[in-house]
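Novice: sequence unknown, structure follows:
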Ligand code: NOJ
């Protein structure tokens with residue numbers, strides 16, 4: 001495990017929308033370089049940049065046309081190498097986004113693979129052996145190539161699936177995992193990883209990490225074997241490099257050799273969703289129906305929905321890898337859609353004081369709004385979480401000097417739209433709260449990634465939530481009413497409180513924890 005992960009706090013950057021330095025209306029790599037001081041000032045010491053490689057952008061760059069070329073709209077490979085070295089000089093690590101499961105249909109490998117006659121790349125993707133589609137559970141595309149076959153896609157039609165083989169092949173066209181052409185795909189992926197690691201990147205966030213070896217592989221053991229082989233290469237050649245999975249099954253992902261895995265909302269009733277986004281969205285991207293998220297102030301949520309999912313994973317991986325909780329990402333509606341700034345502050349305080357590696361999505365630190373927009377570059381409902389960063393008041397909120405109509409996506413037009421400039425001046429702003437919390441995470445060694453979590457009080461449908469991290473006890477009461485709980489014989493001195501002007505005291509005395517409405521508190525436990 002690279003030691004730097006033990007106190008890593010990530011900032012996710014959607015490069016399109018972060019900072020535009022050349023006035024073409026779209027963010028760029030030099031823009032990220034210019035904002036490194038800002039990122040450091042937040043208290044983040046690592047970056048994840050969404051795919052910034054050459055692409056036709058039918059899925060915002062998750063359709064890679066050339067894995068080794070920076071998309072010209074973001075800059076050059078030299079710019080990216082400069083970002084790595086300038087970030088390192090400030091103690092900031094940089095993860096690129098690796099898309100191992102599929103490429104763009106415009107990738108040269110696919111152009112060769114679709115040719116009617118066999119060639120070196122014929123098996124680089126998964127093709128059936130005739131025009132019919134005998135591939136249950138797989139999305140097949142017919143009518144797009146001269147080859148007498150249909151091909152499998154991983155996500156959109158523009159994303160043909162790379163061929164890592166089948167776990168249990170039962171058709172002649174389904175190659176076994178150890179077929180030389182499937183091994184060649186894996187080796188080609190390693191070649192891409194080495195290329196960027198040699199330029200100075202610190203590792204990868206790995207897209208759809210569980211998708212490599214095709215079905216029937218219910219436990220993903222075939223895919224896990226591929227990753228363990230890749231991890232062995234990293235351990236031998238790049239021991240400081242990290243790989244963080246988008247798998248959302250930490251036990252499997254970390255068993256497969258990942259250093260960390262995100263806990264996300266891939267199912268409607270996931271534990272992660274129950275914390276922050278427990279609502280249904282209508283086709284107009286509005287919240288339809290009740291919101292029972294745990295961090296809503298009306299207190300209708302149930303923390304056990306999260307913990308009963310999280311804790312078994314935590315126990316299973318605590319000695320071998322980390323779980324990552326995110327404030328949001330480029331696929332999720334921003335938390336501000338249903339949360340007030342106060343609710344956001346308490347939710348973030350929880351994320352930043354849990355074990356594992358937290359991720360802050362750009363703009364979440366100021367509570368940027370989710371906008372209801374038409375789909376852009378395959379964004380669909382996700383587009384509204386991808387709008388330009390709001391740096392300051394005035395034209396394009398400081399994102400770009402381009403005319404408004406040339407912007408990649410519109411800037412939040414509301415006069416109320418939060419900006420970094422305004423929030424920097426207000427000591428009680430969300431931005432300053434985020435900075436305080438991250439500074440605390442850095443200064444209290446018990447608040448790092450390491451596994452020292454003990455749940456002190458978490459009852460179904462009740463408040464507050466109280467947990468322990470080493471010498472600290474942490475109380476979370478998202479509900480607007482005061483709450484109290486018995487906590488063994490614990491007592492402690494208050495070292496941090498987010499009480500938002502509530503006047504009731506928050507105390508931990510003689511085994512009773514009392515919390516004001518909508519409060520978050522940290523106590524240093526008395527030794528006894
Ligand atoms: C997950 C990524 O986060 C998402 O944005 C993308 O559309 C799919 N994977 C397909 O690569």
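Specialist: Alright, I've got the coordinates. Predicted model only: the values in this text are computed from it and were never measured.
Novice: Quickly find the element holding residue 388.
Specialist: Using DSSP states H and E, residue 388 is not contained in any helix or strand.
Novice: quick one, what contacts it?
Specialist: Neighbour list for residue 388: 17, 20, 27, 396, 397, 399, 400, 407, 408, 409, 410, 411 [criterion: C-beta atoms under 8 Å, 6 or more residues apart in numbering]. For the C-beta atoms, the positions are set from N, CA and C on the backbone; glycine is no exception.
Novice: now it, nearest residue through space, not along the chain?
Specialist: residue 399 (3.8 Å; C-beta to C-beta, 6 or more residues apart in numbering).
Novice: Isn't that neighbour up against residue 20?
Specialist: Yes - assessed by C-beta atoms under 8 Å, residue 399 is found in contact with residue 20 at 6.1 Å.
Novice: Show me the common contact partners of these two, please.
Specialist: Shared contacts of residue 399 and residue 20, defined by C-beta under 8 Å, 6+ apart, comprise 27, 388.
Novice: residues near the one residue in the stretch 101-250 of the chain that gets nearest to the ligand, how many?
Specialist: Nearest to the ligand, among the residues of the stretch 101-250 of the chain, is residue 155, at 4.1 Å (C-beta to the nearest ligand atom). When neighbours are counted by other C-beta atoms under 10 Å, residue 155 registers 18.
Novice: tell me the SS of it?
Specialist: Residue 155 falls in the coil class when you classify it by DSSP: H, G, I helix; E, B strand; the rest coil.
Novice: Does it touch residue 105 like I think?
Specialist: No - Residue 155 is beyond contact range of residue 105, at 11.9 Å (criterion: C-beta under 8 Å).
Novice: What about the contacts of residue 388, which are in helices?
Specialist: Among the contacts of residue 388, DSSP state H puts none in helices.
Novice: Got a ChimeraX select line for the buried ones in those?
Specialist: In ChimeraX syntax, the buried subset of those is picked out as below (16 or more other C-beta atoms under 10 Å):
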select :17,20,27,396,397,399,400,407,408,409,411
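Novice: about what we covered before: for the residue nearest to residue 388, what are its contacts?
Specialist: Going by C-beta under 8 Å, 6+ apart, residue 399 touches 17, 19, 20, 27, 388, 389, 390, 391, 407, 411.
Novice: The residue in the chain that the ligand sits nearest to sits in which helix or strand?
Specialist: In the chain, no residue comes nearer to the ligand than residue 62, which is 3.4 Å away by C-beta to the nearest ligand atom. Assigned by DSSP H and E, residue 62 belongs to no helix or strand.
Novice: Can you pull up the most central residue in the protein?
Specialist: For the chain, residue 329 is the residue whose C-alpha lies nearest the centre (C-alpha atoms, centre = their mean; 5.3 Å).
Novice: what's the distance between that one and residue 516?
Specialist: Residue 329 is 31 Å from residue 516, where distance means C-beta to C-beta, to the nearest Å.
Novice: Near the ligand, which residues of the stretch 51-200 of the chain are found?
Specialist: Counting by C-beta under 6 Å from any ligand atom, the stretch 51-200 of the chain comes close to the ligand at 59, 62, 99, 155.
Novice: mind listing what the closest residue to the third one other than its chain neighbours touches?
Specialist: It stands for residue 99. The spatially closest residue to residue 99, leaving aside those adjacent along the chain, is residue 207, at 4.5 Å (C-beta to C-beta, 6+ apart). When contacts are counted by C-beta under 8 Å, 6+ apart, residue 207 touches 51, 62, 97, 98, 99, 100, 101, 246.
Novice: quick one: secondary structure of the residue lying closest to the fourth one once chain neighbours are set aside?
Specialist: For residue 98, the nearest residue in space outside its immediate sequence neighbours is residue 204; the separation is 3.8 Å by C-beta to C-beta, 6+ apart. When states are read from three-state DSSP, the local structure at residue 204 comes out as strand.
Novice: got a list of what residue 204 touches?
Specialist: Contact analysis of residue 204 by C-beta under 8 Å, 6+ apart lists 95, 96, 97, 98, 193, 196, 241, 242, 243, 244.
Novice: now, among these, which is nearest to residue 286?
Specialist: Among these, residue 97 lies closest to residue 286 (C-beta to C-beta), at 29.6 Å.
Novice: Next, the contact list for that closest one, please.
Specialist: The contact partners of residue 97, by C-beta under 8 Å, 6+ apart, come to 48, 49, 50, 51, 52, 61, 62, 204, 205, 207.
Novice: give me that answer again for 7 Å
Specialist: Residue 97 sits next to 48, 49, 50, 51, 204, 205, 207 when contact means C-beta atoms under 7 Å, 6 or more residues apart in numbering.
Novice: so is it in a helix, a strand, or just coil?
Specialist: Going by three-state DSSP: residue 97 is strand.
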